[in-house]
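Asker: sequence? don't have it. structure:
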């Protein structure tokens, strides 16, 4: 059950944002500051994917590497289809591919293409935490894409300060708060000492001031 405290904090963040009279729909971000943990050690880093209970507000953008029947069946379910014959060209034009990667939140690929993608495009996808999720032969991509649409990635790398999206400002306060609580719970569970490794947590709208949660 969502805490009243989190709901009140969401209300406060949204009220502060309204004073600024933004002309676009803002996201709600959750910002973590960790403590007493060495993130230079890879196993200590946070790298989680969380399906938000009430979605992201703005659905995640999905790109698919596929050919044949999977490409035909799945094209309408994803934002971008990349065919095998396009991979070489993208590997030769890294600038163009970086723009594609920055515009899409998740990549999926039919399993047989994974080695080629890793070899040709891994240097762009890997550091951004966007290596494709393999799709087994004959798999139905619909459910996988549906889940990814509502998923956020929480990734610290080597920095003790990092953030992720918890929803959009036009969602119900209770739903935003529920998402925030789910994210915090998951991050706590991934840390070696749980709550003891969290120095502070803030929320903010895209352009608004921060409001402390923890």
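Answerer: Received it, and whenever you're ready, just let me know what you need. Worth saying up front: this structure is predicted, and the values here are computed from it rather than measured.

Asker: in the chain, where's the longest helix?
Answerer: Ranked by residue count under DSSP state H, the longest helix found in the chain is helix 173-190.

Asker: please spell out which residues along that helix are buried.
Answerer: Neighbour counts over helix 173-190 (16 or more other Cβ atoms under 10 Å) mark 173, 175-184, 187-188, 190 as buried. In this view, the C-beta of every residue, glycine as well, is placed from N, C-alpha and C.

Asker: need these in TSV with pLDDT and distance to residue 103, can you?
Answerer: As requested, the buried residues of helix 173-190 are exported to TSV (pLDDT from 0 to 100; distance: Cβ to Cβ, whole Å):
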residue	pLDDT	distance to residue 103
173	95	30
175	97	26
176	97	25
177	97	29
178	97	28
179	98	23
180	98	26
181	97	29
182	97	26
183	98	23
184	97	28
187	98	26
188	97	31
190	97	27
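
Asker: tell me which two of these sit farthest apart.
Answerer: Within the buried residues of helix 173-190, two members stand farthest from each other by Cβ to Cβ: 173 and 190, at 26.4 Å.

Asker: circling back to that earlier point, same for the longest helix of the chain, what does it pack against?
Answerer: helix 4-18, strand 27-34, strand 47-51, strand 151-155, strand 161-168, strand 198-205 (3 or more Cβ pairs under 8 Å, 6 or more residues apart in numbering; DSSP states H and E).

Asker: angle of the longest one against strand 27-34?
Answerer: For helix 4-18 against strand 27-34, the angle between stretch directions is 120 degrees (axes from the mean of the first three to the mean of the last three Cα atoms, to 10 degrees).

Asker: quick one: low-confidence parts of the protein?
Answerer: 1-2, 19-23 (pLDDT under 70).

Asker: mind giving me the domain split of it?
Answerer: 4-57+150-212, 62-148 (automatic domain parsing).

Asker: ok, residue 195 touching residue 189?
Answerer: No. The pair residue 195 / residue 189 is not scored as a contact, 10.0 Å apart, by Cβ atoms under 8 Å.

Asker: what about residue 159, which SS state?
Answerer: coil (DSSP: H, G, I helix; E, B strand; the rest coil).

Asker: what sits against it?
Answerer: residue 39 (Cβ atoms under 8 Å, 6 or more residues apart in numbering).

Asker: okay, it and residue 180: tell me how far apart.
Answerer: 20 Å (Cβ to Cβ, to the nearest Å).

Asker: ok, now residue 102?
Answerer: 25 Å.
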